[in-house]
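In: model this:
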Amino acid sequence: MRAFIAIDIPDAVKGRISCVQEDFKLALVRPVARDSLHLTVKFLGEADESVIEAARTRLGELSATQFKVEVRGISCFRNGFRDSINVVFAKAQCSNGQLTRLFSDVEALTGSIRAENNGHLPHITICRAMPGANQGRIESAAEKYNDHEFGEFIVSEISMKESVFVAGRTEYKDLYRVSLRKQG
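Out: Model (predicted):
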């Protein structure tokens, strides 16, 4: 199964992101379905039950507190081989460094399962470019929303999810959830 660790985002933020996705459709991108929007913490890839169980056990050792995340601005990832935009994303940030710390803690706990060595940037994928996508239109729409506010939310848990292809679209199923401790 394909698995990953993520932070769910609230419906209000998903709604604001969905409105912005409309501006990218003319550029030949495939928007991520509203109910599938999430903040990826770590991609585990194809994993059998033993890998999932090892990740679940290690995530149970996570000792992190709840914190606030702001979703603000749009940017793009480029395919290094062709230097073309392949992913449009909303930026997630946290002024006190707790989001970066959570990513590091999850990597420290699960790195022996599958190491991430790409300097992961906290983001919410909102669109994927299709072959022949209009790069100029993507860049123009991204620039328009460079500092757009999508909202804030409290991260109170993370989850391990399975990615399943059903009826022509990707759906996510929760495998395991870890609650973060309340501050104070």
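In: can you map out the helices along the protein?
Out: In the chain, the helices defined using DSSP state H lie at 11-21, 49-59, 98-110, 135-144.
In: Residue 69 is nearest to which of the ones you listed?
Out: Ranking the helices of the chain by proximity to residue 69 (Cβ to Cβ) places helix 98-110 first, at 5.9 Å. In this view, the C-beta of every residue, glycine as well, is placed from N, C-alpha and C.
In: Can you show me the strands along this protein?
Out: 2-8, 29-31, 38-46, 67-79, 84-93, 123-129, 149-155, 157-166, 169-179 (DSSP state E).
In: I'd like to know which of the helices of the chain lies nearest to residue 78.
Out: Closest to residue 78 of the helices of the chain is helix 135-144 (Cβ to Cβ; 9.5 Å).
In: Give me the contacts around that closest one.
Out: 23, 24, 26, 27, 29, 74, 75, 76, 84, 85, 88, 129 (Cβ atoms under 8 Å, 6 or more residues apart in numbering).
In: Same question for stretch 46-66.
Out: If you take Cβ under 8 Å, 6+ apart as the criterion, stretch 46-66 is touched by 1-3, 5, 44, 98, 101-102, 105-106, 109-110, 113-114, 154-156, 158, 160, 175-176, 178, 180-183.
In: Return the members of those residues classed as buried.
Out: 1, 3, 5, 44, 98, 102, 105-106, 109-110, 113-114, 155, 158, 160, 175-176, 178, 180 (16 or more other Cβ atoms under 10 Å).
In: Output the strands of the chain in a markdown table, with mean pLDDT and distance to residue 143 appended to each entry.
Out: Below are the strands of the chain laid out as a markdown table (pLDDT from 0 to 100; distance: least, Cβ to Cβ, whole Å):
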| stretch | mean pLDDT | distance to residue 143 |
| --- | --- | --- |
| strand 2-8 | 93 | 26 |
| strand 29-31 | 91 | 15 |
| strand 38-46 | 89 | 22 |
| strand 67-79 | 93 | 8 |
| strand 84-93 | 92 | 12 |
| strand 123-129 | 93 | 15 |
| strand 149-155 | 97 | 16 |
| strand 157-166 | 91 | 30 |
| strand 169-179 | 90 | 28 |
